[in-house]
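Peer 1: Compute the structure for the input listed below.
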Amino acid sequence: MHHLEVKDQYTSELIVEHTHTAAAFGSGDILVFSTPMMIGLMENAALKCAELKLDEGFSTVGTMVNIKHMAATPVGQCVKATAVLIEISDKKLVFEVSAYDEVEKIGEGTHERFIIQKEKFLARVQAKGSR
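Peer 2: So this is what the prediction gives:
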């Protein structure tokens, strides 16, 4: 199913654009990098970290985030989010996540994902949608 090991890690990055701001997202009214976008970038890093060592037909879904957003980032700066796998418990994966802009650390916390078999997972979701 997987070949993941504690301490596996991955870094995702993006340049902050207007569409990534709190004002554009609707989570605030200021033109700074939004908390939901930062969490999304952290989740992306964890997803990519897991995908590197999952067998074909498997993926992960996010189930929990516990994140602090500690500093604002203006449009135009690069943000990097790193996920480090700190715990593997059967299908549960726990990541330590952090994000930095070009000046400082802007966020940190933990993120939990579960390994799923894509076809089974999608079948359950489709069945739920046809009720």
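Peer 1: Report the buried residues of the stretch of helix or strand Gly62 belongs to.
Peer 2: Secondary-structure element containing Gly62, defined by DSSP states H and E: strand 58-69. Buried residues in strand 58-69, counted by 16 or more other CB atoms under 10 Å: Phe58, Thr60, Gly62, Val65, Ile67, His69. For the C-beta atoms, the positions are set from N, CA and C on the backbone; glycine is no exception.
Peer 1: With stretch 51-58 instead?
Peer 2: For stretch 51-58, by 16+ other CB under 10 Å, it's Leu54, Phe58.
Peer 1: longest helix anywhere in the protein?
Peer 2: Longest among the helix segments of the chain by residue count, using DSSP state H, is helix 35-51.
Peer 1: Give me the contact list for that helix.
Peer 2: 2, 4, 8-14, 20, 22, 25, 27-28, 59-60, 62, 65, 67, 69, 79, 81-85, 93, 95, 97-99, 106-107, 109, 111, 113, 115 (CB atoms under 8 Å, 6 or more residues apart in numbering).
Peer 1: tilt between it and strand 58-69?
Peer 2: Taking axes from the mean of the first three to the mean of the last three CA atoms, to 10 degrees, one finds that helix 35-51 is oriented at 140 degrees with respect to strand 58-69.
Peer 1: quick check: mean pLDDT across helix 35-51?
Peer 2: Model confidence over helix 35-51, given as mean pLDDT, is 98.
Peer 1: Kindly report the same for stretch 8-26.
Peer 2: Taken as a whole, stretch 8-26 carries a mean pLDDT of 96.
Peer 1: now stretch 118-130
Peer 2: Computed over stretch 118-130, the mean pLDDT rounds to 90.
Peer 1: again, but for stretch 71-85
Peer 2: Throughout stretch 71-85, pLDDT has a mean value of 98.
Peer 1: Any chance you could list what contacts the strand holding Gly62?
Peer 2: With contacts defined as CB under 8 Å, 6+ apart, strand 58-69 is touched by 1-2, 35, 38-39, 42-43, 46-47, 50-51, 54, 93, 97, 106-118, 121.
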